[in-house]
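Enquirer: Sequence first, predicted model second:
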Amino acid sequence: MKIFLDTANFDEIREAVSWGVVDGVTTNPSLLNKEAGKNLKDIVLAITNEVKGPVSVEVNGSTVEEMVKEAEEYYSWCKEYIVIKIPMCPEGLKAIRALKQKNIPTNCTLIFSLNQAILAIKAGATYVSPFVGRLDDIGEDGMELIHQIMTYLEEYDAEAEVISASIRHPLHVVATALSGAHIATIPFGILKKMFKHPLTDKGIEAFAKDWSNFIKSG
Ligand code: E4P
């Protein structure tokens, strides 16, 4: 499973890249809003330079013309790594289709049902992003949607990578890994929790103490 970082914060990205675990990054308008005051192009290029992998940047237009225009501009900044994030809606599907014809990779976002995923995959999305946590929030089963999409891809030999998104806790990461989904996009705070186990902390402390006693004894 590939790990994407779900953030637009450069310090978080640099730290996680230094651990050798980041394959890509997803951003969205809300994550960018946390970096308010900075220039979008500067943020995006700093991320692509650091990550050297797919970086999703979301369009904000509401018509196909607006979306494609924005997409072409963002994509021109770094053709090697930029992926255009497009919201699930009829205009979005038109944009995905048009961008596929131009060989511009897309990530269809705000997917909450298998039917939406089927449409996005048919239209030619490179990635689809089902939002696991937001489904759980309203009492639905987010991981069940990931399983449904993986079954669909397998049954029909369809092409698209599934990004398990809106991850809220480490167990979502475990469930995503076991589902066979291609990618989990993980907030930095949750990535840090993945390190943690009380027995590891206890073990490190005990080994440090024993090492110090051994050195003193010599
Ligand atoms: C990533 O592509 C999504 O935009 C993100 O995971 C949404 O997460 P949220 O539901 O915590 O806002």
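Expert: Arrived safely, thanks for sending.
Enquirer: The spatially most central residue of the chain pairs with what?
Expert: Among the residues of the chain, Thr185 comes closest to the average C-alpha position under CA atoms, centre = their mean, at 3.1 Å. Note on Thr185: beta-bridge partners by DSSP bridges are Phe4.
Enquirer: quick one: contacts for it?
Expert: Phe4, Leu5, Asp6, Gly24, Thr26, Ser129, Ile163, Ser164, Ala165, Ile167 (CB atoms under 8 Å, 6 or more residues apart in numbering). Just so you know, the C-beta spots here come from the backbone N, C-alpha and C atoms, and that holds for glycine as well.
Enquirer: Nearest residue to the last one in space, please, no chain neighbours.
Expert: In other words, Ile167. Ile186 (5.4 Å; CB to CB, 6 or more residues apart in numbering).
Enquirer: what about that neighbour, how many neighbours?
Expert: 27 (other CB atoms under 10 Å).
Enquirer: Might one say that it is in contact with Asp6?
Expert: Yes: in this structure, Ile186 is within contact of Asp6 by CB atoms under 8 Å, at 5.8 Å.
Enquirer: Now for the two: what residues contact both?
Expert: Joint contacts of Ile186 and Asp6 (CB under 8 Å, 6+ apart) are Ile167.
Enquirer: residues in this structure within reach of the ligand, list them.
Expert: Asp6, Thr26, Asn28, Ser30, Thr109, Ser129, Phe131, Gly133, Arg134, Ala165, Ser166, Thr185 (CB under 6 Å from any ligand atom).
Enquirer: Many thanks, I have nothing further to ask.
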